[in-house]
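*Asks:* what's the 3D shape of this:
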Amino acid sequence: MSVAISATSQASYPPRVALSVTGLSVSDVVTIYRVVGATRTAVRSADGVTVDDTTFAVIDWEGEFGVSTVYTVDVGGTDVASTSPAAYTLTGGKVALSDPISGLSVEVSIVAWTDHKRERLATRFIVGGRTVVVSGQLGDETSNLEVLTTTSAGRVAMLALMAGCTSGVVQVRQPGGYDGIDAYLAVTAVTERKVTSRGSDDWRVWSLEVAEVQAWPSNLAIPTVTLADIYAFYGSGGTLADLNGDYATLLDIPLGYFG
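*Replies:* Here you go, the predicted model:
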């Protein structure tokens, strides 16, 4: 049986892409790449995995939205199968701040994100009445990002993400995949501001001091589905018949959404 890969968008927020690879051999070394234009990125938890079954399932939590995306399977250093190009939609039409390692996320609107500063590590000396500067390369951008939440639930989600994001880093994604907007940002300070003085007003503007950074290390894995997650999703009245009605095979269950 030849290797094949399927990709299915899940109705979570932000949407995730469930990936299923079939036709493998036990002990194959598998990598799944997300390909957008000329950029080829290994999917988290699917980079150089030695499989112990003929099938392999993983969820991509970090894909771009609104741009043509292809998922390609590499087995032992050779590309063997790909999905058809597809553009995945970010529901709600706003901006998603998320962390795939913790599973935390929040929907926001960007209020202001204008100045992007790049600093060079430099030391200045005065030598013989002249100024001499020893400097290195320019670093990545630092800036102030202001975002808006409009509900009490959004405020709670924002606070949880800011407190629990892995290494203080969040991923910013919005419909369209615009350069200079989609990024990984280290958040170094957070200021919450009420839009009005009314106690009943749930609108909040969040001023974030951020620095653009690289994605989390590949050895940090995404969350996995546990029996407790499934039990909580279906409640105390859930039965195996309910699970079977939603997922035809055991391979489908790890790709399920139990949020």
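
*Asks:* What residue, apart from its backbone neighbours, is nearest residue 26 spatially?
*Replies:* Leaving aside its chain neighbours, residue 26 sits nearest to residue 52 (6.1 Å; criterion: C-beta to C-beta, 6 or more residues apart in numbering). For the C-beta atoms, the positions are set from N, CA and C on the backbone; glycine is no exception.

*Asks:* And for residue 32?
*Replies:* Distances taken as C-beta to C-beta, 6+ apart put residue 46 closest to residue 32, at 4.0 Å, once the chain neighbours are dropped.

*Asks:* Equivalent analysis for residue 136, please.
*Replies:* That would be residue 121: by C-beta to C-beta, 6+ apart, it lies 4.7 Å from residue 136.

*Asks:* so residue 24 touches residue 50, yeah?
*Replies:* No: with contact defined as C-beta atoms under 8 Å, residue 24 does not reach residue 50; the gap is 10.5 Å.

*Asks:* Pull up the pairing partners for the one helix or strand the residue nearest to residue 136 maps to, direction included.
*Replies:* Per DSSP states H and E: residue 121 is located in strand 116-127. Applying DSSP bridges to the sheet, strand 116-127 is found paired with strand 130-149 (antiparallel).

*Asks:* Do I have it right that residue 185 meets residue 167?
*Replies:* No: under the criterion of C-beta under 8 Å, residue 185 makes no contact with residue 167, lying 11.3 Å away.

*Asks:* Can you pull the residues that touch both of those two?
*Replies:* Common neighbours of residue 185 and residue 167 are not found (criterion: C-beta atoms under 8 Å, 6 or more residues apart in numbering).

*Asks:* Show me which of those two is the more surrounded one.
*Replies:* Higher neighbour count among residue 185 and residue 167: residue 185, with 23 against 12, using other C-beta atoms under 10 Å.

*Asks:* what kind of secondary structure is the more buried one in?
*Replies:* With DSSP: H, G, I helix; E, B strand; the rest coil as the basis, residue 185 sits in strand.

*Asks:* Tally up the residues packed near residue 217, please.
*Replies:* 10.

*Asks:* Please name the residues that touch the residue nearest to residue 136.
*Replies:* Residue 121 sits next to 135, 136, 139 when contact means C-beta under 8 Å, 6+ apart.

*Asks:* same thing but at 10 Å, please
*Replies:* Counting by C-beta atoms under 10 Å, 6 or more residues apart in numbering, residue 121 touches 134, 135, 136, 137, 138, 139.

*Asks:* Dump these into a markdown table; add pLDDT and neighbour count as well.
*Replies:* Listed next are the contacts of residue 121 as a markdown table, based on pLDDT from 0 to 100; neighbours: other C-beta atoms under 10 Å:
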| residue | pLDDT | neighbour count |
| --- | --- | --- |
| 134 | 93 | 9 |
| 135 | 92 | 10 |
| 136 | 90 | 9 |
| 137 | 89 | 7 |
| 138 | 87 | 10 |
| 139 | 84 | 13 |
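
*Asks:* Can I get those residues in JSON lines including distance to residue 3?
*Replies:* Output for the contacts of residue 121, formatted as JSON lines (distance: C-beta to C-beta, whole Å):
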{"residue": "134", "distance to residue 3": "54"}
{"residue": "135", "distance to residue 3": "50"}
{"residue": "136", "distance to residue 3": "46"}
{"residue": "137", "distance to residue 3": "42"}
{"residue": "138", "distance to residue 3": "43"}
{"residue": "139", "distance to residue 3": "42"}
